[in-house]
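J.: Quick one, structure for this:
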Amino acid sequence: MNHTELEEGSRLALDFSKLQKIAATGSEVVPVVVQDATDGEVLILAYVNQQALEHSLRERVATFWSTSRNELWIKGATSGDTLELVEARVNCEQNSLLFKVKPVGKGACHTRDSAGATRKGCYYRELDGEGLLRPSSLG
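T.: Purely as a prediction, here's the structure:
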């Protein structure tokens with residue numbers, strides 16, 4: 001399946017091996033849910049290592065560890081669509097984080113809608129009762 005089909009198609013193709021792939025890299029990371037601090041919308045799910053977390057807290061900009069490129073990923077470094085870190089929370093078992101952010105720019109997702117605009121977040125499709133994807137009714 002190519003990127004266009006994956007990012008815009010209606011066929012469900014979840015990558016159930018994602019965590020195995022991350023484990024195979026030897027990266028010591030935890031998942032971080034990124035949420036708009038203003039309206040509560042979940043924008044993205046990413047991963048942070050110690051370096052990314054420290055950078056996020058110090059610079060107050062959401063920074064992640066790219067598990068595919070095995071490098072620090074400062075969100076918006078190339079697009080200009082940064083995520084200002086408002087608050088960082090840790091869950092009860094200390095195995096995941098929640099970043100509450102203020103989006104600065106056009107959106108948080110790397111994909112674009114049919115008009116060519118950057119999407120606000122990555123959760124722009126919903127799964128219907130038939131197992132197919134369709135544009136989210138919430139926007």
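
J.: which element is the residue nearest the centre of the chain on?
T.: Centroid-nearest residue in the chain, with Cα atoms, centre = their mean: Ile44, separated by 2.5 Å. Using DSSP states H and E, Ile44 sits in strand 42-48.

J.: list the buried ones in that strand?
T.: 43-44, 46-48 (16 or more other Cβ atoms under 10 Å). Just so you know, the C-beta spots here come from the backbone N, C-alpha and C atoms, and that holds for glycine as well.

J.: Which SSE is immediately downstream of it?
T.: helix 50-59.

J.: correct me, but Glu5 touches Arg11?
T.: Yes: under the criterion of Cβ atoms under 8 Å, Glu5 is in contact with Arg11, at a separation of 7.0 Å.

J.: Tell me where this structure has strands.
T.: 30-36, 42-48, 63-66, 71-74, 82-90, 97-104, 125-127, 133-135 (DSSP state E).

J.: Just say which of those is most tucked in.
T.: Each of the strands of the chain was scored by mean neighbour count; the highest is strand 63-66, a mean of 23, by mean count of other Cβ atoms under 10 Å.

J.: who does that strand touch, helix- and strand-wise?
T.: strand 42-48, helix 50-59, strand 71-74 (3 or more Cβ pairs under 8 Å, 6 or more residues apart in numbering; DSSP states H and E).

J.: Columns distance to Gly26 and mean pLDDT on top of these, output as a markdown table?
T.: Listed next are the helices and strands packed on strand 63-66 as a markdown table, based on distance: least, Cβ to Cβ, whole Å; pLDDT from 0 to 100:
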| stretch | distance to Gly26 | mean pLDDT |
| --- | --- | --- |
| strand 42-48 | 13 | 96 |
| helix 50-59 | 14 | 97 |
| strand 71-74 | 14 | 93 |
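
J.: For the ones you listed, give me TSV that also has distance to Asp36.
T.: Shown next, in TSV, are those (distance: least, Cβ to Cβ, whole Å):
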stretch	distance to Asp36
strand 42-48	6
helix 50-59	16
strand 71-74	19
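
J.: between these, which gets nearest to Gly105?
T.: Nearest to Gly105 among the helices and strands packed on strand 63-66 is strand 42-48 (11.9 Å), distances taken as Cβ to Cβ.
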